[in-house]
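Chemist: Just a sequence and a predicted model for now, questions to come.
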2 protein chains.
Amino acid sequence: MKLASRLGAVAPFHVMAILERARQLEANGRDVIHLEVGEPDFATPPTIIEAGRRALAEGQVFYTPAQGIAPLREAIAAHYATAHGVHIDPRRILVTPGASAGLMLALSLFVDAGQSVLMADPTYPCNRHFVSVLGGRPHTLPVGPQTRFQPTAAMLAAAWQADTAGAMVATPGNPTGTTLSLSELSAMAKVCRSRDGMLLVDEIYQGLTYGVPAETALAVADDIIVINSFSKLFQMTGWRLGWVVVPAAWVEPALRLAQNLFLCPPAPAQHAALAAFLPETLALVETRRQILQRRRDFLLEALPGLGWHVPVVPDGAFYLYADVSAVTTDSFAYCRQVLEETGVALTPGCDFGQHEAGRYLRVAYTADEARLAEAVARLRALQG
Amino acid sequence: MKLASRLGAVAPFHVMAILERARQLEANGRDVIHLEVGEPDFATPPTIIEAGRRALAEGQVFYTPAQGIAPLREAIAAHYATAHGVHIDPRRILVTPGASAGLMLALSLFVDAGQSVLMADPTYPCNRHFVSVLGGRPHTLPVGPQTRFQPTAAMLAAAWQADTAGAMVATPGNPTGTTLSLSELSAMAKVCRSRDGMLLVDEIYQGLTYGVPAETALAVADDIIVINSFSKLFQMTGWRLGWVVVPAAWVEPALRLAQNLFLCPPAPAQHAALAAFLPETLALVETRRQILQRRRDFLLEALPGLGWHVPVVPDGAFYLYADVSAVTTDSFAYCRQVLEETGVALTPGCDFGQHEAGRYLRVAYTADEARLAEAVARLRALQG
């Protein structure tokens, strides 16, 4: 049995080793504070749960159109209009089985085998692997605090090569929680457009921003692909539901591919998600956003006391990317040590790339403030 | 904007044109009998629906392990033992977001860009496209009534080339509903093994067999990959839940890939599917299997009167692959004509490949016997 060569390029998540050890510790009676997984600790809003239960009772269990049910695509389009003032034809929206499927679909549309895709280092680790699975090559751009851990349009232009198919960026980004401005996104779209390449913008944390408005790249370009998800803002992680907005000219091929790759997104989740845009749900989601903001503010104040430096104030998602070079040169080893000695679980920088990965770790503020305070107290005690 | 070249290899489903026209006719008040879609007309069993509703009420809405929840993998393994007498380590089972994801995962594991995969023509159309998306090449083997529309081990051996990564077969197969014997599957596994290739067996219609036992290729080989699904036997199409069984040595890379490609299968669906193996559910599923068998028998008797020839009695799935060369040389045009003039929707052979596609069409017996009788009466009237 010969494994395909692409498997050599697909690394395991290091955080899985952390998570596995955390579970062992818990099985032995240890109290673990989980700040390692990119998942809100809030359960799905009750309105969405109830809509899901009702859909099941009504027998919404058959295949739907591959593109997703029309009322959901219309609701998403209406949300773009009311929340962002952007008018999107619902026909450009494809509902997908999670943003994972959205990323696979989007990259399949424009990345040929042998081509490369520009992306930041650090970035969401699966991005590299989606490109590899398709026979493409991730072309990583080292980014640091100077550019708020984001690539710039100038960096894309400078790095562009003959084999470059396009660029992928995320706003707010993972693991750093920083956003891109509309003017920068516009400039990036221009760079890609002028080179016949595609700009793919991951907006799965859209709506989870702090002190800056929630924006979409669709406000400044309609010849790009945007990925979104119900997972983070609407706390529907386990349901596996996302969406993709494609240029009008690409709807037909995108649909053709979605039919073949996925058949359709999960039907019960689609009907449940109709409740995501109810005023009651949006109000709850806003309350939760404010809670996340308070947690961020708490950690921004507390972490420097540990010698952890947060070089860029993150304005989105629920992550802090902390420079721990004052206390270690190997953040993976440090994460393991911290887990063993304090029961606080964190994600090492090496999960997100190679650029200065040993000096950073990601803190997901997915526990309440009391638990965050407890985590900080334990870490302070560790440092003596 | 440059579309990736793989899109040129991904054909739309012709049945979609049929389905769209059927919907137009229905909107105009016509009564359409739907025998075109590969989906049982039965709703998900009430036990499974209820388990899904309970899971939602209990908050089973978070990410699960990428491999699927342990109780479900154990229940699947137990089902292999009780229904098939085959003992499978639950660690070899990966639950997937539908068999679609299972096929993508499986092929990603053994097909390198530039390699080819042996498969039947006719076959499930997405198979060709999954291979294309990965940069591989579908190497189709024309099959006909002589081999019950299935490839043989000898055909695999004869067609094998230096660039062949493996072979994929389906039992029962789509669109022909024919099964493969365990001895033939064993011989196929041997051919692949001796050439360091992989045998992928699609068993998503497993359990829906008529007059022959429900079998699994896992009974005769453990160095193959098997795909299965809750969609067909358990009527969970819209939930998007399947599973893959991989060789023990491939669990680690398969899990690594699944983490990156899918994160996890839908959580509510996984908890719902735990009810699939309850005695009450299995009894209902058996009743429905018997209903499908009676429908098959009805059509086998009625179709010859239309000049439609079913050259091989299908012993599984819910499809008849009918040779309509006595009435047309272009089954796609004929399917369109039949729809316009009788309101009976069927799938043309060209959706499943090129080999003699114009002489065949697929009848999915996914309507009750009264509707099937009505369809036959309309078709008879058409022929005057």
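Modeler: Cool, got the structure. Numbering: from 1, shown residues only, chains lettered A, B, ... in the order given.

Chemist: What is the burial count for A:Ala333?
Modeler: 12 (other Cβ atoms under 10 Å in any protein chain shown). To be clear about C-beta, it is placed using only N, CA and C from the backbone, and glycine gets the same treatment.

Chemist: just A:Gly307 next, same as before
Modeler: 16.

Chemist: Would you quantify the distance from the nearest residue to A:Asp351 once chain neighbours are set aside to B:Val310?
Modeler: Nearest non-adjacent residue to A:Asp351, counting by Cβ to Cβ, 6 or more residues apart in numbering or on different chains: A:His14, 4.8 Å away. Note on A:His14: its distance to B:Val310, by Cβ to Cβ, to the nearest Å, is 56 Å.

Chemist: A:Ser231 too?
Modeler: 47 Å.

Chemist: Neighbour count for the two, which is higher?
Modeler: Between A:Ser231 and B:Val310, A:Ser231 has the larger neighbour count (other Cβ under 10 Å), namely 25 against 19.

Chemist: For the more buried one, give me its contacts.
Modeler: A:Glu39, A:Gly98, A:Ala99, A:Ile204, A:Thr237, A:Trp239, A:Leu241, A:Gly242 (Cβ atoms under 8 Å, 6 or more residues apart in numbering or on different chains).

Chemist: Inside strands: which ones of these?
Modeler: The strands, defined by DSSP state E, take in A:Gly242 from those.

Chemist: Pretty sure A:Thr123 sits in a helix.
Modeler: No. Going by DSSP: H, G, I helix; E, B strand; the rest coil, the assignment for A:Thr123 is coil, not a helix.

Chemist: Counting neighbours, what do you get for A:Thr82?
Modeler: So A:Thr82, with other Cβ under 10 Å, has 10 neighbours.

Chemist: Residues in contact with the helix-or-strand element of chain A with minimal mean pLDDT: which ones?
Modeler: Here the helix or strand of chain A ranked lowest by mean pLDDT, DSSP states H and E is helix A:14-27, holding a mean of 87. With contact meaning Cβ under 8 Å, 6+ apart, helix A:14-27 is reached by A:32, A:34, A:36-37, A:332, A:335-336, A:339-340, A:343, A:345-348, A:350-351, B:259.

Chemist: Stretch A:40-51 near chain B anywhere?
Modeler: Yes. Against chain B, stretch A:40-51 shows contacts by Cβ under 8 Å from any Cβ of the partner chain at A:Ala43, A:Thr44, A:Ile49.

Chemist: With pLDDT, neighbour count and secondary structure added, can I get those residues in CSV?
Modeler: Shown next, in CSV, are the residues of stretch A:40-51 next to chain B (pLDDT from 0 to 100; neighbours: other Cβ atoms under 10 Å in any protein chain shown; DSSP: H, G, I helix; E, B strand; the rest coil):
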residue, pLDDT, neighbour count, secondary structure
A:Ala43, 96, 16, coil
A:Thr44, 98, 31, coil
A:Ile49, 98, 21, helix
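
Chemist: and which of the residues you listed is nearest to B:Met155?
Modeler: A:Thr44 (50.0 Å; Cβ to Cβ).

Chemist: ok so, going back, among the contacts of helix A:14-27, name the ones in strands.
Modeler: If you go by DSSP E, these have A:His34, A:Ala345, A:Thr347, A:Pro348 in strands.

Chemist: does any bit of whichever helix in chain A runs longest sit next to chain B?
Modeler: Longest helix in chain A by number of residues, with DSSP state H as the criterion: helix A:279-302. No. If you take Cβ under 8 Å from any Cβ as the test, helix A:279-302 misses chain B, and the best it gets is 14.0 Å.
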